[in-house]
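1. Here you go, sequence then predicted model.
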Amino acid sequence: MAGTVLENLSGRKLFVLTSILVICQIVCFLIGGLIAPAPSRATTMLATKCLDPEANRNKWLYPRGPASKTCRVIEHLESDNPFTADNIVFAFQIPFAKENVILDYTRWQQNLIGILQLEIRYSKESPVVPDAQLMIDARLAYRNDNETEWKLYAESMEVRTLDCEIDEPKEGYNYNCGLIPLFELGSLHHDFYLINIRLPAPAHQIYNKGIGILEDIHLVTIHQNGGFTKVWFSLKTIFTPLVLFVLVWYWQRVKAQGRPPALLEKLILFLGVAIEFLNLPIEWLTLFIDMPYMLLIGDIRQGIFYAALLSFWLVFTGEHLMESSGDKNTLHTYWKHLSAVAVGCVALFLFDLCERGAHVANPFYSLWATPVGTRLALGLIIAAGISASLYFIFLSWMVWRVFRNISAKRTALPAMSAVRRMHYQGIIYRFKFLMLTTLACAAMTVIGFILGQVTEDKWKWDGEVDIEYTSAFYTGVYGMWNIYAMALLSLYAPSHKRWPPERDPYANTNSGTEEIEFTRLEPDTSEISALASFAKKVAAD
Amino acid sequence: MAVTPTVSVLIVVIGFTLMILVGSMVPQSSARIPRGRGRGSKWWGIAKVGEPNNLIVNTIRGGANIGNNYLEPAVQAVLRKKQQRLVRENRGVLEAIAKGANEAIVECKHQFKNRRWNCPTKSFWRGKNLFGKIVEKGCRESSFIYAMTSAAVTHSVVRACSEGSIESCTCDYRLHNKYTRVMTPEQNWKWGSCSDNIEFGYKFSRDFVDAGEKAREMRGTMNLHNNEAGRIHVQSLMKRQCKCHGMSGSCTMQTCWMRLPHLREVGNSIKDKFDGASRVQISNAGILRDVGRGGRGRYKFQLKPYNPDHKPPTKKDLVFYEDSPNFCERDPRYGVSGTYGRACNVSSMGVDGCDLMCCGRGYTISVKQVVERCKCTFQWCCQVECKNCTVTRTFYTCK
């Protein structure tokens, strides 16, 4: 690969460009921290226990609405009641009314996850048996503002394993039960939703036996916040044309070289296209069309970007090994390393297809609910994990080899001819620059992620300004990888400047132009650089 | 209900006259109490409103159905002006308070079932204090009652909010932030969703339960502190739970929420504090900075421990300033009936043991054959199947 823009950029220009990118990065962080609310929010709600005297599964029961149509409420379940399991319906009508205003969902809220929490009382005679199977007959309906009737959205008979513990097994104390994932809606297209849950007690079956004394059911719903979606969409919409512009510029630069593009150039292009694909704000369509497959598409887009990024790092390190003497490398050279990326991505893709893909058809589906599914899911995740560790071993090994070669080449540098020296110095500089940037980006992502796990969601400064940390992290990281890709595209594009001819090594330093090359190299390693910096000083005077 | 309309009308009429009578009696009785028990305790009566004629359901349901501006006189009689306003402004909250008060009674009885004072309550509500005259003394038992009732109301209101039965629970997604105050609840919800219900429950309980307590009086300070302690127990026992929902369900995206504790946990925690309650100095009363009514300054007081070597009470500690009666003997001044006839545990060395429970008076042993419900199994749903077992039991009762 010939010289890139990076090496042919003066220190000042590089500084200005880096500053602009850092400012963009800070702006991205602050947009998330100051404007956007938390990315998502959980709402806990308690089931209304409705009495269904007809035991009619197809009837919708709801606690709020016109007085004549609301259901009859059962206060306590456990007292001796004359009805059976079929008569009891746990109803959730979401969202609630707050401050005497009836709230409704907006499409900006994007998606909805439902989790059940059971409140089970301990009793010595009927405890929760280990691995008790809960059979949930769940039905989901929707209604819009101007309608009166509830319409079926999805229904399913689901089996989940109950996982309950108790610290002090005493009468009247409650179990601590694990969360039971209930549904995942990829689109929040309608205004109101209604969930009716029945726990049938089929005779001669293990389901819903030994589940203790069930008193109440809580439903935790998680949806994306409208404000966050707005900020997120805006960010995507701004980045799309920016990245596209840099991408087009980059490819024209490569084309202008009048030679077939090098492997690394193709990979940078692939990375650029991947992030452009990730940026493409097709989410705007969710405001008009019901797109329950949006979560899956989002995952695929992210997956492609990560695959591109990982492959790029690998190939970049490989191309800077300085071992082979410049023969044309192709993707085949890296097939061993890249297959780790491919296997990991395919495993995750299959897992995603089984979990989120299935949610498109049945939002109540869970891969983890059955033993076979659990094994499949675990197998895929383990495969992805193994290939991830393999990948990192490969990468670390190659980086180590590059560093070994760098130190070897550095001792040999003074003895080389000027062009060879510049070639190697260029390679070392390019490699170190990307290494440093990548490490900084990765470290920031990891530190940010860990900070988010250990600290509160909100940071307070002087009690006046709230920094919504989680949102700031997401917008910050998103902006960071965009900026990273744009920097790569612009700095690693081939330079249109030619190397100085061998017989006149001082040509460019004497030319008097602003672009003095290689000034950032250690002056003591190279006579030219020392001379160059001297010449620069003179020029400045 | 098997009660015919005429009978129920009669009952209502009797109820009304009773209320009027009570209403005229109350100011005199409260004036008689020298130091006063604080004024915020009458609302406990909601738990038993109309109990003699079992009107509880009708009264409270009726209050909610009829409309915003009407409260049953029975309810009016036990509530202060501010409390009435709060109940009128928050539809559905009355049921929650009544439920909370009843749960507090159940919890109190459970926590104290093995002690000399076993949290007796009056079975008939007659304008007297629900927990009897013991609350007139600033003793440990009162501190528990105040903390427990306040905690139970907080708990119950939060639960009612999450059931949707109170429709006025607040919705502001960024608490303590000025600029979101200008957004309507609708806008708040669509931009950043609503805050946890605990905030509403806490604030409501502060407004409702603490109404009428005066921080200037020693007793008022004690009540305010204990009420606050009860609420803080509810708040601090909330558990954080999280769900991962990032890419492919990984934890790159995570949402957490707070889960309300079971009231039993709250009761246990407050009972622990009862055992280690701090006795505070009475003289504090003079140095309180009671800034205005209901302001934040209302809760800014520092109680000094009675024993200067002890640490000052924390926000979660219960405080008292008077000795408890020993509850052994009948004492009509405090409505104590003594431990005569109480069952005791002969093998226990603790407070439920016969030595301590019977205050050294000795106990009687009786052996009886009893028929009990036993081996009850609960089948989902709703069939409790029990057997009747005849067992020989030995009863130890205090003389």
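-> All right, it came through fine. Here the structure is a predicted model, which means the values were calculated and not measured. Residues are numbered from 1 along each chain as shown, chains lettered A, B, ... in the order given.

2. what about the residue of the stretch 201-350 of chain B found nearest chain A, which SS state?
-> Chain A sits closest to B:W257 of the stretch 201-350 of chain B, with a gap of 3.7 Å, by Cβ to the nearest Cβ. Glycine gets a C-beta too; all of them are placed from N, C-alpha and C. Following DSSP: H, G, I helix; E, B strand; the rest coil, B:W257 is assigned to strand.

3. can you count the residues close to it?
-> 19 (other Cβ atoms under 10 Å in any protein chain shown).

4. contacting residues for it?
-> B:W257 is in contact with A:A42, A:T43, A:T44, A:V220, B:D196, B:R240, B:Q241, B:C242, counting by Cβ atoms under 8 Å, 6 or more residues apart in numbering or on different chains.

5. Tell me how far it lies from A:Q117.
-> Relative to A:Q117, B:W257 is positioned 10 Å away (Cβ to Cβ, to the nearest Å).

6. go on, A:T286?
-> For A:T286, the distance to A:Q117 - Cβ to Cβ - is 29 Å.

7. Could you do A:E323 as well?
-> A:E323 is 59 Å from A:Q117, by Cβ to Cβ.

8. Those two - which one has more neighbours?
-> A:Q117 (18 against 9).

9. Looking at the stretch 1-150 of chain B, what residue ends up closest to chain A?
-> Closest point on the stretch 1-150 of chain B to chain A, by Cβ to the nearest Cβ, is B:H110, at 7.1 Å.

10. Now that residue: phi and psi?
-> Dihedral pair for B:H110: phi -70, psi -50, per degrees, to the nearest 10.

11. For it, grab the count of nearby residues.
-> 17.

12. cool, and the one 4 residues further on?
-> Residues contacting B:N114 under the criterion other Cβ under 10 Å number 17.

13. what about it, which SS state?
-> Under three-state DSSP, B:N114 falls in the coil class.

14. near chain A, which residues of the stretch 251-399 of chain B show up?
-> B:252-257, B:259-260, B:262, B:264, B:375-384 (Cβ under 8 Å from any Cβ of the partner chain).

15. quick one: the helices in the stretch 101-250 of chain B?
-> Assigned helices in the stretch 101-250 of chain B, in chain order: B:140-163, B:185-192, B:197-209, B:218-236 (criterion: DSSP state H, counting those that start in this stretch).

16. Where does pLDDT dip in chain B?
-> B:1-40, B:49-71, B:123-128, B:173-182, B:283-297 (pLDDT under 70).

17. Now do the domain split for it, please.
-> Chain B is divided into the following domains under automatic domain parsing: B:38-338, B:340-399.

18. before we move on, the earlier item: what separation do you get for the residue of the stretch 1-150 of chain B closest to chain A and B:R264?
-> 8 Å.

19. Just want the residue of chain A that's nearest chain B.
-> For chain A, Cβ to the nearest Cβ, closest residue to chain B: A:P37, 3.1 Å.

20. Could you find the closest non-adjacent residue to that residue?
-> B:G192 (3.1 Å; Cβ to Cβ, 6 or more residues apart in numbering or on different chains).

21. Verify the contact between the one you found and A:H223 for me.
-> No: in this structure B:G192 lies outside contact range of A:H223 using Cβ atoms under 8 Å: 11.3 Å.

22. number of nearby residues for whichever residue of chain B sits closest to chain A?
-> Minimum separation of chain B from chain A (Cβ to the nearest Cβ) falls at B:G192, amounting to 3.1 Å. B:G192 has 24 neighbours, counted by other Cβ under 10 Å.

23. any idea how far it is from A:S407?
-> Relative to A:S407, B:G192 is positioned 53 Å away (Cβ to Cβ).

24. Contacts only, for B:L79.
-> B:L79 makes contact with B:K42, B:W43, B:I46, B:L71, B:V87, according to Cβ under 8 Å, 6+ apart.

25. which of those residues sit farthest apart?
-> Pairwise distances across the contacts of B:L79 peak at 14.4 Å for B:K42 and B:L71 (criterion: Cβ to Cβ).

26. partners of the helix or strand containing A:D466 in the sheet?
-> Per DSSP states H and E: A:D466 is located in strand A:465-468. Applying DSSP bridges, strand A:465-468 is found paired with strand A:458-461 (antiparallel).

27. Let's test this: mean pLDDT of the strand it pairs with, rounded?
-> Here strand A:458-461 scores 56 as its mean pLDDT.

28. list the contacts for B:A151?
-> Contacts for B:A151 (Cβ under 8 Å, 6+ apart) come out as B:A104, B:G230, B:R231, B:H233, B:V234, B:L263, B:V266, B:I270.

29. can you redo these as TSV with neighbour count?
-> Supplementary listing: the contacts of B:A151 in TSV, determined by neighbours: other Cβ atoms under 10 Å in any protein chain shown:
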residue	neighbour count
B:A104	30
B:G230	32
B:R231	26
B:H233	27
B:V234	26
B:L263	23
B:V266	27
B:I270	27
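
30. Show me which residues of the stretch 1-150 of chain B sit near chain A.
-> So far as Cβ under 8 Å from any Cβ goes, the stretch 1-150 of chain B lies against chain A at B:R91, B:H110.

31. any chance you could map the strands in the stretch 1-150 of chain B?
-> Counting by DSSP state E, counting those that start in this stretch, the stretch 1-150 of chain B forms no strands at all.

32. still on that earlier bit, find the residues that touch each one of B:W257 and A:Q117.
-> A:V220.

33. mind checking the backbone torsions on A:L295?
-> The phi/psi pair for A:L295 (degrees, to the nearest 10) is phi -60, psi -40.

34. again but with A:K151, I slipped
-> Per-residue torsions, A:K151: phi -120, psi 140 (degrees, to the nearest 10).

35. Quick check: chain neighbours aside, which residue is closest to B:G45?
-> Once flanking residues are discounted, B:G45 sits nearest to B:V78: 3.8 Å by Cβ to Cβ, 6+ apart.

36. typed the wrong thing, it's A:R253
-> Leaving out its chain neighbours, the residue that sits closest to A:R253 by Cβ to Cβ, 6+ apart is A:A493, at 4.4 Å.

37. one step back: identify the contacts common to B:H110 and B:R264.
-> Common neighbours of B:H110 and B:R264 (criterion: Cβ under 8 Å, 6+ apart): A:G172.

38. need the residues of the stretch 51-200 of chain A near chain B, please.
-> A:63-64, A:77-78, A:80-81, A:83-85, A:88, A:93, A:95-101, A:103, A:106, A:108-109, A:113, A:115, A:117, A:119, A:123, A:125-126, A:172-174, A:179, A:184, A:199.

39. one step back: wait, doesn't the residue of the stretch 1-150 of chain B closest to chain A sit right on A:Y173?
-> No: B:H110 is beyond contact range of A:Y173, at 10.6 Å (criterion: Cβ under 8 Å).

40. Now do the shared contacts for these two.
-> Common neighbours of B:H110 and A:Y173 are listed as B:R264 (criterion: Cβ under 8 Å, 6+ apart).

41. Tell me which helix or strand the nearest residue to B:V370 once chain neighbours are set aside sits in.
-> Take B:V370 and drop its neighbours on the chain: the residue closest to it by Cβ to Cβ, 6+ apart is B:R393, 5.6 Å away. Element membership of B:R393 [criterion: DSSP H and E] is strand B:383-398.

42. CA atoms of that strand as PDB?
-> C-alpha atoms of strand B:383-398 as PDB (Å, rounded to 0.1, in the frame of the first residue of the first chain):
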ATOM      1  CA  GLN B 383     -59.400 -25.500  46.500                       C
ATOM      2  CA  VAL B 384     -58.100 -25.800  50.000                       C
ATOM      3  CA  GLU B 385     -58.500 -29.400  51.100                       C
ATOM      4  CA  CYS B 386     -58.100 -30.100  54.800                       C
ATOM      5  CA  LYS B 387     -58.500 -33.000  57.100                       C
ATOM      6  CA  ASN B 388     -59.900 -32.800  60.600                       C
ATOM      7  CA  CYS B 389     -57.400 -34.100  63.000                       C
ATOM      8  CA  THR B 390     -58.100 -34.700  66.700                       C
ATOM      9  CA  VAL B 391     -55.100 -34.000  68.700                       C
ATOM     10  CA  THR B 392     -54.400 -33.800  72.400                       C
ATOM     11  CA  ARG B 393     -52.800 -30.500  73.300                       C
ATOM     12  CA  THR B 394     -51.500 -29.200  76.500                       C
ATOM     13  CA  PHE B 395     -52.300 -25.600  77.200                       C
ATOM     14  CA  TYR B 396     -50.400 -23.300  79.500                       C
ATOM     15  CA  THR B 397     -52.200 -20.300  80.500                       C
ATOM     16  CA  CYS B 398     -51.100 -17.500  82.800                       C
END
